[in-house]
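> sequence plus the predicted model coming up.
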Amino acid sequence: MPFSLLKYGLNKDYPFEQNADLPSPSALKSHYDVVIIGAGGHGVATAYYLAKYHGITNVAVLEKGYLGGGNTARNTAVIRSNYLTSEGVKFYSESVKLFQGLSNEFDFNIMYSSRGQLTLAHTDAAIRGFRQRTEVNKHFGGKTELIDPQQIRELVPSLNMNPADQPVLAGLWHIDGATARHDAVAWGYAKGATQRGVELHQLTEVTGVDVDKGKVTGVQTNRGKISCGCVVQAVAGHSSIVGAMAGIRMPITTYPLQAMVTQPVKPFLNPLVSSPALHCYVQQTGRGELVFGGGSDPYPLYNTRSTMDLKESLLAHAVELFPFMANMRLMRQWAGLTDMTSDYSPVMGLSPVENYYLDAGWGTWGFKATPICGKTMAELVATGKVPELIKPFSMSRFDTFRQVNEMGATAASH
Amino acid sequence: MKIINCPLNGPRNSSEFVHGGEVRQMPDPNNCTDKEWADYVFYSDNLIGVVTEWWLHAPSGYWFIAERHTGSDEILRTYDPAEIYTSRVEFKAKEEPSASEEKTA
Ligand SMILES: Cc1cc2nc3c(=O)[nH]c(=O)nc-3n(C[C@H](O)[C@H](O)[C@H](O)COP(=O)(O)OP(=O)(O)OC[C@H]3O[C@@H](n4cnc5c(N)ncnc54)[C@H](O)[C@@H]3O)c2cc1C
């Protein structure tokens, strides 16, 4: 046992009181400069960067459930930047860079693990798409290569190279691909924000938004009314519902997304592996469990129930990729509510209501964007100017038909 | 598996059906503004409650209408579109010159 551990073990002041937990403020104040709705990763990251870079600390993060209990707790933690459009790749690359430094910055281990992500092509058309993504990625400084079946066999010896009679022809090998502990990301940001004076109020649901002459003036909650200078909305699957409280109609539809995890086994799979054609992606966690997921449910719904159909189809495909998985036991299965846009890019920035800022439309792919969302949304709140990086994602792009189409690069890889 | 009651074929597995989106009034593509068209194509109330929507029974190619609760996932009623569409809907866009005409012109 390392001696430093013994030192902590015998130190009766450790863990230090202020580190032991998140400070839990008892009463809501009547006014905050900034109210953030939703304490998922995005909400608390925004609060963190507001306090850290802009010195804005009269901030309340309001959460109807508990910290990080929404999609932040439910996602499969694929972190990557190998998207298709230059707008997308630039944005997600920044996020991956921030992720790499988070454990040090928080002094708290988010278990960031750079294992690379492998996406499989089963058709010539997929290879053409991969070529384009490889070049766009390299252009913006990412590490992505197109690799052949022999290289794939070396990377993942246990992979069936002919799953469901769809031979693996090539792979998009994204060396920057990674995963991290999702809860730790939310806790790290929340801790950093609250230590700087931000208030996190759990079990506090926003039930109404007060708008006066086109400008937001406050919010109503199950614990009373609050006035505020501005609002950041970061509520994922409930984007349309909270938006409607402010009178904002959105280009968003809510679908459940399901995922599952097996019993732990010995480490055998280093990279994250995804097959868009089989609607399936698989990765092995640090604990040895296999996490896997696939496409969204086939129709819109606000319900996190699990369905047998999805289990059947997802398991069938996973077993095609890794046949020995047929002998493994499933441990847990769950769903989250995802706020889908038609172009698979987010809705970020200004809204039709003055001082009411949107971080929405994150659908099935927003965990990887947590750091950069927090950073850019904080900059927007502090300066009132939309940062260059998120300009392409404004909600108004739908009115001018300037979508940022990431569907092909998102589908079953998240 | 969830069972959906098709007005034409009776109760069938939900895997035989395809969701077709909310039933709503299409603005006149020739006279509406870009904003109105964008609203029709991309935007939605997306609220929790009963919605009226199109469904397709894929094996028989039959479209019908369902009233479904987006919170409980309960399908309250399914019916033939003839119940609300009593006359034929025309989808006429402005006449555009076809590619071959353009070439010869
Ligand atoms: C099964 C699954 C797998 C996924 N896999 C990946 C992946 O591999 N990689 C990836 O990048 N992304 C993935 N995602 C997407 C990702 O999880 C989300 O995009 C991301 O977590 C969104 O973060 P958030 O902080 O905006 O939302 P959330 O973490 O959902 O936080 C929103 C919070 O708002 C709260 N809230 C809602 N309404 C109110 C209200 N009225 N008042 C107060 N609070 C309210 C909710 O309780 C919730 O805690 C996946 C999602 C799911 C469901």
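Yep, it's here.

> wait, is A:Ala316 part of a helix?
Yes. With DSSP: H, G, I helix; E, B strand; the rest coil as the criterion, A:Ala316 is part of a helix.

> neighbours of it, how many?
Residues within reach of A:Ala316, counting by other Cβ atoms under 10 Å in any protein chain shown, total 13. (C-beta placed from N, C-alpha, C; glycine too.)

> how about low-confidence regions in the stretch 301-414 of chain A?
A:411-413 (pLDDT under 70).

> what residues does it have near the ligand?
Within the stretch 301-414 of chain A, the residues that sit near the ligand (Cβ under 6 Å from any ligand atom) are A:336, A:338, A:362, A:364-368, A:414.

> is it true that A:Leu200 touches A:Thr194?
Yes. With contact defined as Cβ atoms under 8 Å, A:Leu200 counts as touching A:Thr194 (5.5 Å).

> list residues touching both of these two?
Each of A:22-23 lies in contact with both A:Leu200 and A:Thr194 under the rule Cβ atoms under 8 Å, 6 or more residues apart in numbering or on different chains.

> with respect to chain B, which of the residues of the stretch 301-414 of chain A next to the ligand is nearest?
Proximity of these to chain B was ranked by Cβ to the nearest Cβ; the top entry is A:Thr338 with 11.9 Å.

> which residues touch that closest one?
Contacts here follow Cβ under 8 Å, 6+ apart; on that basis A:Thr338 touches A:71, A:236-237, A:254-257, A:296, A:362-364.

> if we go by neighbour counts, what in the longest helix seen in chain A is buried?
Among the elements of chain A assigned as helix by DSSP state H, the one spanning the most residues is helix A:86-106. Taking 16 or more other Cβ atoms under 10 Å in any protein chain shown as the neighbour-count basis, helix A:86-106 is seen to contain the buried residues A:87-96, A:98-100, A:102-103, A:106.

> which secondary element of chain A has the worst mean pLDDT?
Taking mean pLDDT, DSSP states H and E as the measure, helix A:17-20 is the helix or strand of chain A with the lowest mean score, a mean of 52.

> show me the strands in the stretch 301-414 of chain A, by range?
In the stretch 301-414 of chain A, the strands defined using DSSP state E, counting those that start in this stretch lie at A:330-340, A:347-349, A:356-360.

> still on that earlier bit, which helices and strands sit right next to the longest helix of chain A?
Judged by 3 or more Cβ pairs under 8 Å, 6 or more residues apart in numbering or on different chains; DSSP states H and E, the packing partners of helix A:86-106 are helix A:124-139, helix A:182-195, helix A:370-383.

> excluding covalently adjacent residues, which one is nearest to the spatially most central residue of chain B?
With distances taken as Cα atoms, centre = their mean, chain B has B:Trp54 as the residue nearest its mean C-alpha position (4.3 Å). With sequence-adjacent residues excluded and distances taken as Cβ to Cβ, 6 or more residues apart in numbering or on different chains, B:Trp54 is closest to B:Gly20, at 3.2 Å.

> and what of A:Ile372?
Counting by Cβ to Cβ, 6+ apart, A:Ser95 is the residue found nearest to A:Ile372 once chain neighbours are left out, at 3.7 Å.

> surely that neighbour and A:Phe367 touch.
No. Here A:Ser95 does not reach A:Phe367: they are 9.7 Å apart, not a contact under Cβ under 8 Å.

> overlap in contacts, these two.
Overlap between the neighbourhoods of A:Ser95 and A:Phe367 consists of A:Ile79, taking contacts as Cβ under 8 Å, 6+ apart.

> need the contact list for B:Ser70.
Slight slip there: residue B:70 is Thr, not Ser. B:Thr70 makes contacts with A:254, A:300-302, B:47-51, as judged by Cβ under 8 Å, 6+ apart.

> rerun at 6 Å
When contacts are counted by Cβ atoms under 6 Å, 6 or more residues apart in numbering or on different chains, B:Thr70 touches A:301-302, B:48, B:51.

> my read: B:Glu36 touches B:Asp28, true?
No. Contact criterion Cβ atoms under 6 Å: B:Glu36 and B:Asp28 do not qualify, at 9.1 Å.

> and those two? Which one has more around it.
The neighbour count for B:Glu36 versus B:Asp28, taken as other Cβ under 10 Å, is higher for B:Glu36 (14 against 10).

> helix or strand for that one, which one?
Secondary-structure element containing B:Glu36, defined by DSSP states H and E: helix B:34-42.

> who touches that helix?
Residues lying outside helix B:34-42 but in contact with it, judged by Cβ under 6 Å, 6+ apart, are A:251, A:342, A:398-399, B:27.

> would you mind checking the residues you listed for buried ones?
When these are checked for burial by 16+ other Cβ under 10 Å, the buried set is A:251, A:342, A:398-399.

> just give me the closest of the residues you listed to B:Ile65.
Nearest to B:Ile65 among those is A:Ser342, at 22.4 Å by Cβ to Cβ.

> how close does the closest one get to A:Val265?
Using Cβ to Cβ, to the nearest Å, we find A:Ser342 at a distance of 39 Å from A:Val265.

> repeat for A:Asp33
Here A:Asp33 is placed at a distance of 50 Å from A:Val265 (Cβ to Cβ).

> swap in A:Leu84?
Between A:Leu84 and A:Val265 the distance is 34 Å, computed by Cβ to Cβ.

> of the two, give the one with the bigger neighbour count.
Neighbours around A:Leu84 and A:Val265, counted as other Cβ under 10 Å, are more numerous at A:Leu84. The numbers are 20 against 15.

> ok, the more buried one - contacts?
Taking Cβ under 6 Å, 6+ apart as the definition of contact, the neighbours of A:Leu84 are A:133, A:406, A:409.

> if we can go back for a sec, quick one: which of the contacts of B:Thr70 has the most company?
Comparing those on neighbour count, A:Leu301 comes out first with 23 neighbours (neighbours: other Cβ under 10 Å).

> is it true that it touches A:Pro256?
Yes. With contact defined as Cβ under 6 Å, A:Leu301 reaches A:Pro256; the gap is 5.5 Å.

> assign a three-state SS to the residue nearest to B:Trp54, would you?
Using three-state DSSP, the three-state assignment for B:Gly20 comes out as strand.

> spell out which parts of the stretch 301-414 of chain A neighbour chain B.
Neighbours of chain B within the stretch 301-414 of chain A, by Cβ under 6 Å from any Cβ of the partner chain: A:301-303, A:309, A:342, A:398-399.

> ok, A:His279 touching A:Gly295?
Yes. A contact is recorded between A:His279 and A:Gly295 when judged using Cβ under 6 Å, the distance being 4.5 Å.

> count of neighbours near A:Ser205?
To be clear, residue A:205 is Glu; Ser isn't right here. 15.

> tell me how far B:Asp45 lies from the ligand.
Counting by Cβ to the nearest ligand atom, to the nearest Å, the gap from B:Asp45 to the ligand is 16 Å.

> any idea of the mean pLDDT in stretch A:141-159?
Stretch A:141-159 shows an average pLDDT of 96 in the prediction.

> where does residue 4 land on pLDDT?
Let's take chain A. Predicted confidence (pLDDT) at A:Ser4: the value is 74.

> that's the wrong chain, I wanted chain B
On pLDDT, B:Ile4 comes in at 97.

> surely it meets B:Ser14?
Yes. Taking Cβ under 6 Å as the definition, B:Ile4 is a contact partner of B:Ser14 at 5.2 Å.

> for these two, work out which one has more neighbours and name it.
Neighbours per residue, other Cβ under 10 Å: of B:Ile4 and B:Ser14, the larger number sits with B:Ile4, 21 against 16.

> which SS state does that one fall under?
Under the three-state scheme (three-state DSSP), B:Ile4 adopts strand.

> what sits against it?
The neighbours of B:Ile4, taking Cβ under 6 Å, 6+ apart as the test, are B:14, B:17.

> how about a cut-off of 10 Å?
B:10-17, B:55, B:57, B:64, B:66, B:68, B:75, B:78 (Cβ atoms under 10 Å, 6 or more residues apart in numbering or on different chains).

> A:Gln151 and chain B: what is the separation?
For A:Gln151, the distance to chain B (Cβ to the nearest Cβ, to the nearest Å) stands at 37 Å.
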